[in-house]
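K.L.:
I'd like to go over a predicted model; first the sequence, then the structure.
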Amino acid sequence: MGRTVDIVGDVYAIVGNMPWGCRFCLRGSKIVVFVTGLCDDKCFYCPVSPEKLYHDVIRVDEEPVQSLEDILDEVYAIGAEGAGITGGDPLVKVDRTVGIIKILKEIFGDDFHIHLYTSGRYASSAVLRALESAGLDEIRFHVIGDWVLQRIRLALEVLRDVDVGVEIPIFPDRIEETKRLIKKLDEMGVSFINLNELEASENNMRVLLMRGYKIVPGTPVVKGSREAAIEIVQWASKNTKKITVHFCPAGYKDRVQMRIRLIRKALRTAKPYEKVAADGMVVVLEVEPTDQAKQLAREGYGEPGDNRILLHPDLHLPGAQVRRRYPARLATGLPLELQGIAENSDNAA
Ligand SMILES: C[S@@+](CC[C@H](N)C(=O)[O-])C[C@H]1O[C@@H](n2cnc3c(N)ncnc32)[C@H](O)[C@@H]1O
Ligand code: SF4
């Protein structure tokens, strides 16, 4: 008898327990810290955009980062329960990566879950130990060649409190190769492998097409990747002992996870006269400063802007323009909880 396969619509397919890092992503409650675009590997299918890949840029949830505070603000803005650290290769800038992990753990506590992606090129025992003592919870190796297996063995040997997993994109013509890899990882004691639906992007589209891969019309995903991944998960239920094998569809990442993150941010940062739409955008009415509009603003249904008045979109005033915007970061750099305290102390003064 095999292990149980759990398939939930187009959300996931899994054998074994859901990796901890993924539980938070499924709830849209992790920030994504892009530590650097620098990377010393050259995967032909790399999805990172040309403006970021091989450039030393820092982003949090796709927004530019000028200081560490921007990362902390984003945690408060979405009410994050954890962070995914990615790049490029975060280990090319290991001091920066360790610093970010340390400060996140110091401020948000031990339960704030942090996972990190790497090919493992620079995962020496000293680097692995530094990541562990900074508080890293989970490391995900991208197996881009057999040499990565040695890095994984080292991580399994050196790390005590860090979960060691693997994450790879699934190529429809590499099913047997992937099964052999999973067998090996299972024997080594790797905790999980995430199978990503292979995504085409601006960076890799041309090469993928030149190599004969086809794109599913109207989507950014490679034809056959999903079917291959599900076949591998089914196979794993009969041919593995302990490792979790988990398929993460690209559509879920884009449609659900990002949208939930936007909604979380919008709900926490929208003003009382703004409305949060189902796609996570913040909606407000912009009107001429008529007497009626000024009166409504005074009554708490809005706020005066520059030559305009901003009002709640449910008011349906004639001539009003509906504005939609992405939820902004917190403007003050202070967490919501502390903003309340600051306002109260101003009043008291
Ligand atoms: C873009 S990489 C960046 C971090 C690190 N350099 C690495 O390769 O793990 C992050 C994750 O994306 C996955 N990935 C790479 N190319 C992909 C693609 N075309 N479609 C879906 N996932 C992909 C990798 O397996 C990795 O787990
Ligand atoms: S190792 Fe990661 S960032 Fe570097 S080229 Fe490969 S997929 Fe892209």
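P.N.:
Looks like it came in fine. Ligands and ions are numbered 1, 2, ... in the order given.
K.L.:
neighbouring contacts of stretch 303-321?
P.N.:
Identification of contacts with stretch 303-321 by CB atoms under 8 Å, 6 or more residues apart in numbering yields 271, 273-275, 283-289, 292-294, 296-297, 301-302, 322. For the C-beta atoms, the positions are set from N, CA and C on the backbone; glycine is no exception.
K.L.:
just the C-alphas of that stretch, formatted as CSV.
P.N.:
Provided in CSV are the C-alpha atoms of stretch 303-321 (Å, rounded to 0.1, in the frame of the first residue of the first chain):
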residue,chain,number,x,y,z
GLU,A,303,-10.9,63.8,3.5
PRO,A,304,-9.9,67.0,1.6
GLY,A,305,-7.1,66.4,-0.9
ASP,A,306,-5.3,68.9,-3.2
ASN,A,307,-8.2,70.8,-4.9
ARG,A,308,-10.2,67.6,-4.7
ILE,A,309,-12.1,65.8,-2.0
LEU,A,310,-11.7,62.1,-1.4
LEU,A,311,-14.9,60.3,-0.4
HIS,A,312,-16.1,56.7,0.2
PRO,A,313,-16.9,55.0,-3.2
ASP,A,314,-20.4,53.9,-2.0
LEU,A,315,-21.5,57.6,-2.1
HIS,A,316,-22.1,57.6,-5.9
LEU,A,317,-21.9,61.4,-6.3
PRO,A,318,-22.5,62.7,-9.8
GLY,A,319,-19.4,63.7,-11.6
ALA,A,320,-17.2,61.8,-9.2
GLN,A,321,-14.2,59.9,-10.5
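K.L.:
distance between that stretch and the chain's centre?
P.N.:
Offset of stretch 303-321 from its chain centre (CA atoms, centre = their mean, to the nearest Å): 34 Å.
K.L.:
and stretch 88-108, by the same measure?
P.N.:
16 Å.
K.L.:
and it with ligand 2, contact?
P.N.:
Yes - Stretch 88-108 reaches ligand 2 (CB under 6 Å from any ligand atom) through 88, 89.
K.L.:
tell me which residues are up against that stretch.
P.N.:
The set of residues external to stretch 88-108 that reach it, using CB under 8 Å, 6+ apart, is 33-41, 48, 52-54, 56, 58, 68, 71-72, 75, 80, 83, 85, 112, 114, 116-123, 127, 130-131, 134-136.
K.L.:
again with stretch 218-237
P.N.:
2-5, 7, 13-15, 169-172, 174-175, 178-179, 182, 195, 197-201, 208, 213-216, 243, 245-247, 249-251, 254.
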